[in-house]
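S.K.: Give the three-dimensional model of this entry:
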Amino acid sequence: MRVSHNRANAAYRGACFRCCSYNRRMVGYVFGGVAGAVASAAGYQTMSPKGQWYGRSLVGLPGGSRKLALTFDDGPNDPYTLRLLEVLRRHDVPATFFLIGRYVTKRPDIVRELINLGHAIGNHTFSHPNLIFASAGQTRRELEQCQQALADAVGVQCSLFRPPFGGRRPGTFRVARQLGLEPVMWRVTGWDWKAKGEDYIERKVCQQVRGGDVILLHDGGPNAFGADRSQTVTATDRLIARYKSQGYEFVTVAQMFQPAGG
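M.R.: Got it, this is the predicted structure:
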């Protein structure tokens, strides 16, 4: 009987050990899966235009609004920024231009023309780095240098900021706000940097517009001054005509978020 009893105890202890080992493995799997999901979500938030984990940003009004805000990144860029200005003037539509500081120093006259025609400008850093890889000090220097370039060009400081590629990390928007800049992202993009033609750009935008949207397009390119944005110019002309005929109003980013009656 004693042998049977010892065997039973041994079997019980073995079962308990296996059960505990299984539970530990399962807990490890669960926590590992949660950690992986959190890391994946955090990575997604660094580039997601509508993500708000790393600080509040403007992306649009509630769906159904009859306002749309056209925004253009990576200028000023000769001749395509100037051609865009002709399209906007013909339709009597304002837009918001997020400008690269080193291009501003090259063509401050284009920036002055933007202001003279009633368009808004924003800070898009001085050299267009991906800020998810930049320290707080590096981010501050990029924004301050761009602010200085804009001030030298037009004599005023802008109040809007958009990170290159939409990339940011915890603290990026905090640095921007310390400098008096309001972060602006977007809800609609035409993917126009892919250079697939004006039909492609127009189709991409139309698939996403729900009203109250900040729309991202490009009048320049970060790699070289003079990037070909002729397709964006044509697509912009078509988009304005399309949505004005449907009763939409085009406004600057500041006008979109201005309180009613303000």
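
S.K.: Residue 139: what's it in contact with?
M.R.: 131, 171-172, 175-176 (CB atoms under 8 Å, 6 or more residues apart in numbering). The C-beta positions use only the backbone N, C-alpha and C, and glycine is treated the same way.

S.K.: What does it show for phi and psi?
M.R.: phi -60, psi -50 (degrees, to the nearest 10).

S.K.: how about stretch 189-197: buried residues?
M.R.: 189-190, 192-193 (16 or more other CB atoms under 10 Å).

S.K.: Could you dump those into a markdown table with distance to residue 228, pLDDT and secondary structure added?
M.R.: Below are the buried residues of stretch 189-197 laid out as a markdown table (distance: CB to CB, whole Å; pLDDT from 0 to 100; DSSP: H, G, I helix; E, B strand; the rest coil):
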| residue | distance to residue 228 | pLDDT | secondary structure |
| --- | --- | --- | --- |
| 189 | 18 | 97 | strand |
| 190 | 15 | 97 | coil |
| 192 | 11 | 96 | helix |
| 193 | 11 | 92 | helix |
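
S.K.: could you dump the contacts of residue 139 to TSV with neighbour count, pLDDT and secondary structure?
M.R.: Putting the contacts of residue 139 into TSV (neighbours: other CB atoms under 10 Å; pLDDT from 0 to 100; DSSP: H, G, I helix; E, B strand; the rest coil) gives the following:
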residue	neighbour count	pLDDT	secondary structure
131	26	97	helix
171	15	95	coil
172	22	97	helix
175	24	98	helix
176	25	97	helix
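
S.K.: In JSON lines, list those residues along with distance to residue 246.
M.R.: Formatted as JSON lines, the contacts of residue 139 follow (distance: CB to CB, whole Å):
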{"residue": "131", "distance to residue 246": "36"}
{"residue": "171", "distance to residue 246": "41"}
{"residue": "172", "distance to residue 246": "36"}
{"residue": "175", "distance to residue 246": "39"}
{"residue": "176", "distance to residue 246": "34"}
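
S.K.: related to what we said a few turns ago, what's the closest of the buried residues of stretch 189-197 to residue 45?
M.R.: residue 189 (17.2 Å; CB to CB).
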